[in-house]
Structures are given as structure tokens and as C-alpha cells.
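> what's the 3D shape of this:
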Amino acid sequence: MRELLSRVEIPSAGGAGHLSLYREDLSGVYPGMVRYLLLYEGWGRTLSLFSTNTYEYPPLLTVDAESAAWRAARDWEEALRSAPDRLVPAAQAVHHPPEPAAGGVLVLQGSPRPDGTCARLAMWAADAARSAGRAVEVVFVHDLEIHPCIGCYQCYNTGECTFDDDMTRLGPAIGGSSLLVVCSPVYTNTVPAGLKALIDRAQAVHAHAALLGEPVRGTRNGVLLAAAGRSGLKNFDCVRKVVGPFMENLGIRLTGEVLVDDLDRRRNVDFLPGLEGEVRRAVISSLPPAVIPGPQAPSS
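Sure thing, here's the model as predicted:
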């Protein structure tokens, strides 16, 4: 719910508008989260000048979100009154992020080894989805430039991450796919660093959906394929505890799982009886029904 805190009339080159400060309750996203928005409302549209939220401010800081918002409101009011031409009506850019084809499958190959076990599992998963007529994109995570998340919570102001790197494209792909497959080796009982960076940065996908007040579009089912050198399924405990909440946070149900252990001894997965079939079944059974386009109207 959005609450108006202040509104002042500001003259500009495009005619009079209003500088408005709003308080927005986001406690449904995180306990006690509040977002402040400073907007210029004029020329029949709204410009966002400043936004901040309470989770951006650690307890030891001497400033908080509300005081920062009021200070920004005063600074912008002073600047706009002293220079009315600072704001002019201009064409507003429209950003259309790239999205995979409808019903597409996204495979995240999380191992830094491009020819290792997880690459093989990813290949089987992709082949299975293609055999079912689905568009597939396989992403080798360690080939990407992904800055680690710094926990700034600025994505909950705008729905976008403060960093502009390969996650700018990959985030919408994660949110728009119909099936997400995560392939991960076990590194010191958890996922590799590159995959963990992707998982943390996907918080912006959650923020985007939360600010729109809707679930993440498209992605509903997920499959985990994991490989461990040591024997025993307990070796996968931490991987499952990382990947599971990652999917849950994005509205994804974990509907398939294949865990391959004892690979220090067994080595090549190509020689493990039935493994390829198990991977393919996990993917096929997790595919949502294909979207069949309706008949198109005849052109005039």
C-alpha cells in the first residue's frame, strides 16, 4: 500500500508538475521493509527521481531510509525551484528485456569444467527437452561475468540490480523459462562459487516480481542434477539446501532430482547403467504442458 507523505507544486519548462514523496509498505516481501519513492508527476506521466528502502541501511549507519528520502525531497525541491528547466518533457525509453521462447527450458551448467560430469548431465537434460519439442538454452555459468551480490537491497527499489553484467540478460531468462535445470558438482560440500554468485544475484528476479505484485512469470518447475566424488547421498545435503531455497524464492517447484555419488571411484558417467535414462525421465516428467498457439485470424 502506498501512502503520500508530501506533495509540492514545481514549475518547469514543460508546465507545472508535482514533486511527491511516497511511503510504500513492502512487509509482505520482507518483515518491516518500507520503500520511499520520490516522484515528479507532470506532462501526463511520472518520473522516478529517487528511491530507497529500509533494508539498505545497516543498524550502525547514522542515517536511515526515511531521513534519506526527506533529504532527497528537499534537495530536489531546491534544485528544481532554482532551475526550472532542469526537468523537460522527453521521449521515454522503453526497455524490452530478451526472453526465451514460450515454454523454453533453461539449463544452468554450474561446473567450471566444460567437459566434466555436469556438462554431460546438462547435455542429456537438453537433449531430452529438445526431443519433447521444447526450445532449450544451456548456460555455462563460469563463462559469464557475474558480480557477486553485495546485499545492498537496491533491487527492491527499482526491480533491477545495481550491477549491469551478464545477469542483466540471464535474470529475465530465468524468470521466463518453463523449466529450470540446475547442474552442480559438489565443491567443499556446496555449489561452486560461480553458481552461488548467480543464485545470490537472482534475488533481483524476486524483487522485480515482488514490486510488480505478481509471481515470477513462466518458471514453475525445476530439476536438480548434482555430482559428488565421495560416496553417499549425505554429500549432497548442502547443495540441496542451497538450490532448493533458490528455486523456492523464485516460485519454482523442485519436481525432479538426480544425484550421482562416488564418482572419484566410478569416474565416467557414460558407463553408469541407466543414469542417462534417469536424467531424461526427470526432465521429461517435469516439463509443463506445451503451449499450443491458437488459430490466427485471417489477414485482411
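
> lowest-confidence helix or strand of the protein?
Ranking every helix and strand in the chain by mean pLDDT, DSSP states H and E puts strand 45-53 at the bottom, with a mean of 87.

> so how far is that one off the chain centroid?
From the chain centre to the centre of strand 45-53 is a distance of 21 Å (CA atoms, centre = their mean, to the nearest Å).

> partner strands of it, parallel or antiparallel?
Applying DSSP bridges to the sheet, strand 45-53 is found paired with strand 34-42 (antiparallel).

> which parts of the strand it pairs with are buried?
In terms of neighbour count (16 or more other CB atoms under 10 Å), strand 34-42 has its buried residues at 34-40, 42. The C-beta positions use only the backbone N, C-alpha and C, and glycine is treated the same way.

> check those against residue 260 and report the nearest one.
Using CB to CB, residue 35 is the member of the buried residues of strand 34-42 that lies nearest residue 260, at 43.9 Å.

> the closest one: what's it in contact with?
By CB atoms under 8 Å, 6 or more residues apart in numbering, the contact list for residue 35 reads 23-24, 26, 51-54, 65, 156-157.

> now these in CSV, with neighbour count and distance to residue 210?
Conversion of the contacts of residue 35 to CSV gives the following (neighbours: other CB atoms under 10 Å; distance: CB to CB, whole Å):
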residue, neighbour count, distance to residue 210
23, 16, 17
24, 16, 11
26, 20, 7
51, 20, 14
52, 23, 16
53, 23, 11
54, 18, 15
65, 22, 17
156, 25, 7
157, 24, 11
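
> and which of the residues you listed is nearest to residue 244?
Distance ranking of these against residue 244, using CB to CB, places residue 156 first at 22.6 Å.

> list the contacts for the closest one?
26, 29-30, 33, 35, 53, 55, 207, 210-211.

> show me the residues you listed that map onto helices.
207, 210-211 (DSSP state H).

> as a markdown table, those with pLDDT and neighbour count would be great.
Formatted as a markdown table, the ones in helices among the contacts of residue 156 follow (pLDDT from 0 to 100; neighbours: other CB atoms under 10 Å):
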| residue | pLDDT | neighbour count |
| --- | --- | --- |
| 207 | 92 | 23 |
| 210 | 86 | 19 |
| 211 | 87 | 18 |
